[in-house]
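Undergrad: I need the structure of the sequence given here:
(2 chains)
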Amino acid sequence: DQQVKQNSPSLSVQEGRISILNCDYTNSMFDYFLWYKKYPAEGPTFLISISSIKDKNEDGRFTVFLNKSAKHLSLHIVPSQPGDSAVYFCAASRPGFQKLVFGTGTRLLVSP
Amino acid sequence: KAGVTQTPRYLIKTRGQQVTLSCSPISGHRSVSWYQQTPGQGLQFLFEYFSETQRNKGNFPGRFSGRQFSNSRSEMNVSTLELGDSALYLCASSPSGIETQYFGPGTRLLVL
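TA: Numbering: from 1, shown residues only, chains lettered A, B, ... in the order given. Presented below is the predicted three-dimensional model:
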């Protein structure tokens, strides 16, 4: 039972344009969401998070949007840079459960 | 501050053997989580430890076990290895819970 889904395995974007990565979840108990970036041969690196009491959180070029009614979150990267090329994972957690539930990842390729 | 370290980085074992992986969290972090990453499955939560106590466990068979020591270092053990256990095993630490986890580079296990 995949509670967190990233339906796009890959995404290609040109440098300078916007990258939009999507994530859907099924468990309405999730109240905290995170995005991680992963380069080959490295562990995931935390990017940005959002609590369910917010619908948007920004950090530099990265913005996460949360639509609770649709159980959907997205990560916007503006402007995209070649160094952003990596696999992006969304993750979710629920109160009282000390674990993150990850999606299967989206590979982003930003071309010059 | 030194990051999360995992040893060994690579490991080759044969079916039926057992393996022990080690994780040293960031200094001051008391929560350590373990994940298994396989192609197409994303990161699957194994277990989380805090102050030597397992607080949460994922849906893995009993062959997968772990422990945490008083210095917060953690080990995970897989007994009676199966081919399907071939994966990247990631350890993550955080100060007290899963709010923002910092990942190590992982141990890549190949079972032949």
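Undergrad: stretch B:69-89 and chain A in contact?
TA: No. Using CB under 8 Å from any CB of the partner chain, we find that stretch B:69-89 stays clear of chain A, coming within 8.9 Å at best. Where C-beta positions appear, they are placed from N, C-alpha and C, glycine not excepted.
Undergrad: what's the span of that stretch, first residue to last?
TA: Start-to-end span of stretch B:69-89 (CA to CA, to the nearest Å) is 19 Å.
Undergrad: so which residues on chain B come close to chain A?
TA: Chain B comes close to chain A at residues B:4, B:31, B:33, B:35, B:40-45, B:48, B:50, B:55-56, B:58, B:90, B:92, B:97-106, as judged by CB under 8 Å from any CB.
Undergrad: out of these, name the ones that lie in helices.
TA: Among the residues of chain B next to chain A, none falls in helices (DSSP state H).
Undergrad: buried among the residues you listed? Need that as a selection in ChimeraX.
TA: Applied in ChimeraX, the following selects the buried portion of the residues of chain B next to chain A according to 16 or more other CB atoms under 10 Å in any protein chain shown:
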select /B:4,31,33,35,42,43,44,45,48,50,55,56,58,90,92,97,98,101,102,103,104,105,106
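Undergrad: which residues does the spatially closest residue to A:P44 that is not a sequence neighbour bridge with?
TA: Nearest non-adjacent residue to A:P44, counting by CB to CB, 6 or more residues apart in numbering or on different chains: A:Y36, 3.8 Å away. On the basis of DSSP bridges, A:Y36 is bridged to A:F46, A:F89.
Undergrad: could you check how far A:Y36 is from A:L47?
TA: From A:Y36 across to A:L47, the span is 6 Å (CB to CB, to the nearest Å).
Undergrad: neighbour count winner among these two?
TA: Taking neighbours as other CB atoms under 10 Å in any protein chain shown, A:Y36 and A:L47 compare with A:Y36 leading, 26 against 18.
Undergrad: for B:T7, see how far away that one is.
TA: 22 Å.
Undergrad: who are the contact partners of the closest residue to B:P25 other than its chain neighbours?
TA: Using CB to CB, 6+ apart and skipping residues adjacent in sequence, the residue nearest B:P25 is B:S93, 3.2 Å away. Neighbouring residues of B:S93 by CB atoms under 8 Å, 6 or more residues apart in numbering or on different chains: B:V4, B:C23, B:P25, B:I26, B:H29, B:S31, B:V32, B:S33, B:S72, B:Q101, B:Y102.
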